[in-house]
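Asker: this one's sequence-less:
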């Protein structure tokens, strides 16, 4: 997917989320802002109550979107036949879109009246959404291939250049300043301090402004790569722990949602069917 198309893809999903939320809030604000005791007398009660035409429809559509979002992404991750159909990160973005729009619709389906066993599913759903946001942050911290596969530690290290060798052969730096630059690149926790130390070392060598700029660019890339290597193992561990929280909440939500749907059908709440 080209960058321009990808921006349009993301923008379209964000627009749909915002537009749907604004439309529902605008049309139902008066009803949702009415106390639970007085809603029965509101003119939109039959339309927006949980088993009303629109309220019930939002519940059905929201549940369908959540199940679809989870199923589609799981199939893409596990099916070899779907492996070539777009990058995994694009499927993840679509998964996030469906699993954000779906819960939003379910929230309005409840008309903010939550109780009983369904409350467990509701709060589990919110926990899934919140943990999904956290998981997305962790996910983007892990370096990946262009197809979206997570890179291993050895693959990351293989992408590194031998900065000492480059500096010696291409820029002919003296040993003392070379050691300062390499040590600053490898050991410093403060990027600004490291860059200042490196700039000072470069001034002591007879390099042109262009060469100093090239060395600084090389050094900054090396520092960034070292930080990614240091962060990789931490983020991979966090991602494993994240699944421990995300998946159980998702299962609880889905199980109780299925029970809720089954009970609704038994009691005759079948929407327009």
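Answerer: Received it, and whenever you're ready, just let me know what you need. What you are looking at is a predicted structure, and each value in this text was computed from that prediction instead of being measured.

Asker: Tell me which stretches of the protein form strands.
Answerer: Counting by DSSP state E, one finds no strands in the chain.

Asker: what are the ranges of the helices in it?
Answerer: 3-32, 45-48, 53-78, 88-109, 118-141, 153-158, 163-171, 175-187, 191-203, 209-266 (DSSP state H).

Asker: Show me what the second one is in contact with.
Answerer: Defining contact as C-beta atoms under 8 Å, 6 or more residues apart in numbering, one finds that helix 45-48 is touched by 28, 31-32, 39, 52-55, 108, 111. In this view, the C-beta of every residue, glycine as well, is placed from N, C-alpha and C.

Asker: Tabulate these in CSV, adding columns for pLDDT and distance to residue 9.
Answerer: Below are those laid out as CSV (pLDDT from 0 to 100; distance: C-beta to C-beta, whole Å):
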residue, pLDDT, distance to residue 9
28, 91, 29
31, 92, 34
32, 90, 32
39, 89, 39
52, 88, 34
53, 89, 32
54, 91, 29
55, 90, 31
108, 90, 26
111, 86, 32
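
Asker: for those residues, which one is nearest residue 136?
Answerer: Of all those, residue 108 has the smallest distance to residue 136: 23.4 Å, by C-beta to C-beta.

Asker: In contact with that closest one: list those residues for me.
Answerer: Contacts of residue 108 by C-beta under 8 Å, 6+ apart are 24, 28, 32, 48, 55, 58.

Asker: May I see the domains of this protein written out as residue ranges?
Answerer: Taking automatic domain parsing as the reference, the chain has its domains at 3-151+242-266, 155-229.

Asker: could you give me the average pLDDT of the shortest one?
Answerer: Going back to what we said before, that points to domain 155-229. For domain 155-229, mean pLDDT is 69.

Asker: which one of the domains of the chain lies closest to residue 236?
Answerer: Across these, closest to residue 236 is domain 3-151+242-266 (C-beta to C-beta), at 6.4 Å.

Asker: quick revisit: okay, the helices of the chain, which one's buried deepest?
Answerer: Using mean count of other C-beta atoms under 10 Å, the stretch among the helices of the chain with the largest mean neighbour count is helix 88-109, at a mean of 20.

Asker: follow-up on the earlier one: in JSON lines: the contacts of residue 108, plus distance to residue 264.
Answerer: Shown next, in JSON lines, are the contacts of residue 108 (distance: C-beta to C-beta, whole Å):
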{"residue": "24", "distance to residue 264": "21"}
{"residue": "28", "distance to residue 264": "21"}
{"residue": "32", "distance to residue 264": "21"}
{"residue": "48", "distance to residue 264": "17"}
{"residue": "55", "distance to residue 264": "12"}
{"residue": "58", "distance to residue 264": "14"}
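
Asker: Out of these, which is nearest to residue 220?
Answerer: Nearest to residue 220 among the contacts of residue 108: residue 24, at 47.0 Å, using C-beta to C-beta.

Asker: residue contacts, the closest one?
Answerer: With contact taken as C-beta under 8 Å, 6+ apart, residue 24 is in contact with 58, 105, 108.

Asker: do you know how far the nearest residue to the second one once chain neighbours are set aside is from residue 52?
Answerer: Counting by C-beta to C-beta, 6 or more residues apart in numbering, the nearest residue to residue 105 once its immediate chain neighbours are dropped is residue 62, at 3.2 Å. According to C-beta to C-beta, to the nearest Å, residue 62 and residue 52 sit 14 Å apart.
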